[in-house]
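Peer 1: Can you look at this prediction? I've put the sequence above it.
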Amino acid sequence: MIEVPTAAVDLAKRFEGFHRVPKADPQRRAHPYICPAGYWTIGYGRLCKPDHPPISEEEGETFLRQDLRTALVATLRHCPVLATEPEDRLAAIVDFTFNLGGGRLQTSTLRRRVNERDWEAAARELRRWVYGGGRVLPGLVARRSAETTLLLSPNPTASDSNQPNQDSSA
């Protein structure tokens with residue numbers, strides 16, 4: 001089974017953070033809040049009900065791992081070509097799916113471009129997903145930019161790094 005790419009975990013933590021921890025709370029528990037797109041959220045971007053009890057950072061990490069695993073499964077179901085692409089490409093689309101859900105990926109032009117391996121067109125599609133609550137959100141612009149960087153500048157695969165040097169000037 002493919003593991004959730006480290007870069008996807010890093011992106012999720014970078015853009016989600018462990019939010020709404022009151023300074024006066026000695027246990028550093030996160031409380032539900034409404035995200036910029038208008039959804040009740042807790043911890044590292046997990047959707048919840050407004051009356052969800054506060055959670056510890058450890059519980060937030062557990063939810064994050066579960067949610068990223070769900071995003072990974074959905075990403076590979078809708079974009080199976082990513083199973084053989086460099087990990088950074090997978091990470092970019094897993095983060096997108098974590099952020100917006102498998103349904104959005106499933107019905108998107110982004111999905112088609114990824115499955116066609118048209119990375120430039122896929123990057124253009126990623127950059128379109130910057131709206132929340134009917135307006136452009138600076139956080140989504142930054143997130144899509146980070147995902148695009150991963151998509152277009154992936155780490156070489158292990159098989160690529162084992163290829164002999166093709167430089168004929170030697």
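Peer 2: Structure received.

Peer 1: ok, and for stretch 21-28, which residues are buried?
Peer 2: Within stretch 21-28, the residues that qualify as buried are residue 21, counting by 16 or more other CB atoms under 10 Å. Placement of C-beta: from N, CA and C, glycine included.

Peer 1: And for stretch 45-60?
Peer 2: Buried residues in stretch 45-60, counted by 16+ other CB under 10 Å: 45, 46, 48, 52, 54, 55, 59, 60.

Peer 1: now, which of those residues sits nearest residue 101?
Peer 2: Within the buried residues of stretch 45-60, proximity to residue 101 (CB to CB) peaks at residue 45, which comes in at 11.3 Å.

Peer 1: ok, now which ones touch that closest one?
Peer 2: The neighbours of residue 45, taking CB atoms under 8 Å, 6 or more residues apart in numbering as the test, are 12, 15, 16, 35, 64, 67, 98, 99.

Peer 1: at 7 Å what do you get?
Peer 2: With contacts taken as CB atoms under 7 Å, 6 or more residues apart in numbering, residue 45 has the following neighbours: 12, 16.

Peer 1: Ok, the one 4 residues further on next?
Peer 2: With contact set as CB under 7 Å, 6+ apart, residue 49 has these partners: residue 40.

Peer 1: Name the helix or strand for it, please.
Peer 2: With the criterion set as DSSP states H and E, no secondary-structure element contains residue 49; it sits in neither a helix nor a strand.

Peer 1: do the same with residue 93
Peer 2: Since the elements are taken from DSSP H and E, residue 93 ends up inside helix 87-100.

Peer 1: buried residues in the longest helix along the chain?
Peer 2: What stands out as the longest helix in the chain, according to DSSP state H, is helix 57-78. Burial within helix 57-78, assessed by neighbour count using 16+ other CB under 10 Å, is assigned to 59-61, 63-64, 67-68, 70-76, 78.

Peer 1: again, but for stretch 76-92
Peer 2: Of all the residues in stretch 76-92, those buried under the rule 16+ other CB under 10 Å are 76, 78, 79, 82, 85, 86, 87, 88, 89, 90, 91, 92.

Peer 1: Start and end of it, how far apart?
Peer 2: Criterion CA to CA, to the nearest Å; first-to-last residue distance in stretch 76-92 is 12 Å.

Peer 1: what about that stretch, distance to the chain center?
Peer 2: 12 Å (CA atoms, centre = their mean, to the nearest Å).

Peer 1: So which residues of this protein form strands?
Peer 2: Using DSSP state E, the strands found in the chain span residues 33-34, 40-42, 46-47, 131-132, 135-136.
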